[in-house]
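A.B. asks: the amino acid sequence is not available; the structure is as follows:
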């Protein structure tokens, strides 16, 4: 099982995401990663190993972002490695996704997306998600998300962010748990 978290709010996102990942570390221990939106770019930090390794890579550079997603992984598709760590991004680096679960038809989707020109960099089932979102994105992340999720077979919990919609996280679940929380001007998914 993997642990996922999403946050958008008033606080600095990175400390919130790290705290959430520590709370879920029992759900995955072979790699970890975070994506935040910093100055109109997705900042992606991933590593093989425990969350302490991720914190070393961050090296106290918490950035200024107030939105992000995080993941702690227990490998099911692809060996533990930085390339297979989540979050995964699309070809342009504009969409980032974290996922817990199994996408049963990922090989079929992956082949279709490769035939459409998408380039993959991991061995995971998860990587089809940002590429599906990229394929369907036409200025409305929620619409693209609904179309992408309709293509999936399996059980999953997913949280995604998009550079072009900087105050929006989208999330969905199918047969896997996903909790949403509302604070004072802030929102969480785990």
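C.D. replies: Sure thing, it's come through. Just so you know, these numbers come straight off a predicted model, no measurement behind them. Numbers count the residues shown, from 1 in each chain.
A.B. asks: find the nearest non-adjacent residue to residue 33, please.
C.D. replies: residue 46 (3.5 Å; CB to CB, 6 or more residues apart in numbering). For glycine as for every other residue, the C-beta is placed from the backbone atoms N, C-alpha and C.
A.B. asks: now swap in residue 180 and tell me
C.D. replies: Spatial nearest neighbour of residue 180, chain neighbours left out: residue 189 (5.3 Å); criterion: CB to CB, 6+ apart.
A.B. asks: please, where are all the strands along this protein?
C.D. replies: Taking DSSP state E as the criterion, the chain carries its strands at 3-8, 31-38, 41-48, 67-73, 88-89, 95-103, 154-162, 165-174, 180-182, 187-189.
A.B. asks: okay, now the sheet partners of the third one, with direction.
C.D. replies: The partner list of strand 41-48 in its sheet, established with DSSP bridges, is strand 31-38 (antiparallel).
A.B. asks: quick one: average pLDDT of the strand it pairs with?
C.D. replies: When pLDDT is averaged along strand 31-38, the result is 94.
A.B. asks: quick one, what contacts residue 113?
C.D. replies: 120, 128, 131, 132, 135 (CB atoms under 8 Å, 6 or more residues apart in numbering).
A.B. asks: rerun that using 7 Å as the cut-off
C.D. replies: Going by CB atoms under 7 Å, 6 or more residues apart in numbering, residue 113 touches 128, 131, 132, 135.
A.B. asks: so what's the third one closest to, chain neighbours aside?
C.D. replies: To tie it back to what came earlier, the one meant is residue 132. residue 148 (3.8 Å).
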